[in-house]
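>>> Here is my input, please return the structure:
(2 chains)
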Amino acid sequence: MTKKTKKLLILYFFAAILVVSIITVKIYNKPFINIVESKPSLSLASEALLSDFINDESTANTKYLEELIQVNGTITAIEKGKDGNDIITLGNENIIGSIICHLSKNEENLKTGQEISIKGICTGYLMDVILVKCVIIP
Amino acid sequence: MKTILIIFTFLLSSITVVGQGKFLTKQGYTSFYSSTPIEDIKADNNQVLSIIDTSSGTIAIAILMKSFSFEKALMQEHFNENYVESDRYPKATFKGKILDFETLTNKETKVTIVGDLTIHGVTKKMEIQGNINSTEKDISLKGGFEIEVADFGIKIPSVVANNIAKTIKVTYEFDHKPYQK
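Next up, the predicted model:
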């Protein structure tokens, strides 16, 4: 082996390590989905989403969990969460159960009774359907 | 899953009969923390449902596994897909009793809660310490405890065994309000 090939081999070796580490760091730091810029995979009324979960929770789980979905409905309550962000309840006063939307940043000028469209990630159903990282669609 | 539904249906249906006596939060906070020399992993959940029945001191808690939010997307993905298998086991639950609940006064008191914690489809008897402050308008309950990953049948692949602690610290903070509907 000449000195030149030896040098080249060492160079290749370090280049390979560099490429592997860059890829590893890239995968490790893979970003979360950008809600603001992503298109929801589904759009439906709050009552339809709720009744899907009430009728058959496990089917609804496979359909909606971890999906970015758009929900259209009427605001029945606005609360402040522990982290300071607003929590909006969509639904109907006459029905038990609602869609609880945890906003990722606060919106001005929201009031109860208002019709809104919101998109967020569905994490499941307890007494209500839960959406997290929500953004209001103007 | 059925049993959880039955428990909550039972709890809720009894509300309409008794009227008063149920305190609830739908935005309870819980977090867990794994610390190893290689990395620290923390996840928060602000969507916990907790119901206290003041007539008996019983408490029922339901947690959506997919609601845990991590610092890195990859951690969250591994947690849901490989470790807690949240497609198969979407919820963790706790049902138990706050001991000596009837003797509580309007100031912060240490309490012991005994009950069954179910994670990843495995149920384990737990005794949890907490601080409670119970008034007519509000019952706040907070504390922390530790769980062993292996106790709940959660398998950690050997490749990442050094990244994830065997003992996980859990904290919780619930601010229950009177239930009316």
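>>> measure the residue of chain B positioned farthest from its centre to B:E77 for me?
Within chain B, the residue lying farthest from the chain centre (C-alpha atoms, centre = their mean) is B:V159, at 28.9 Å. Computed as C-beta to C-beta, to the nearest Å, the B:V159 to B:E77 distance reads 15 Å. C-beta coordinates here come from the backbone N, C-alpha and C atoms, glycine included.
>>> Over to B:K91?
Separation of B:K91 from B:E77 (C-beta to C-beta): 19 Å.
>>> Looking at the two, which one has more neighbours?
B:K91 (23 against 13; other C-beta atoms under 10 Å in any protein chain shown).
>>> Just confirm the residue farthest from the centre of chain B is within a helix.
Yes - the assignment for B:V159 by DSSP: H, G, I helix; E, B strand; the rest coil puts it in a helix.
>>> part of a helix, is A:F53?
Yes - assessed with three-state DSSP, A:F53 lies in a helix.
>>> wait, doesn't it sit right on A:L131?
No - at 11.8 Å, A:F53 and A:L131 do not qualify as touching, with contact defined as C-beta atoms under 8 Å.
>>> For these two, indicate the residue with more neighbours.
Shown here are A:F53 and A:L131; by other C-beta under 10 Å, A:L131 has more neighbours (27 against 22).
>>> and that one, what does it touch?
A:I69, A:V71, A:I99, A:I100, A:C101, A:H102, A:I118, A:G120, A:I121, A:C122, A:T123 (C-beta atoms under 8 Å, 6 or more residues apart in numbering or on different chains).
>>> Any figure for the gap between A:S117 and B:N133?
A:S117 is 39 Å from B:N133, by C-beta to C-beta.
>>> What residues does chain A have near chain B?
With C-beta under 8 Å from any C-beta of the partner chain as the criterion, chain A meets chain B at residues A:27-33, A:57-58, A:61-62, A:65-66, A:79, A:81-83, A:87, A:96, A:100, A:102, A:123-124, A:126-128, A:130, A:132.
>>> So which of those sit within helices?
Cross-referencing the residues of chain A next to chain B against helices under DSSP state H gives A:I27, A:Y28, A:E57, A:S58, A:N61, A:T62.
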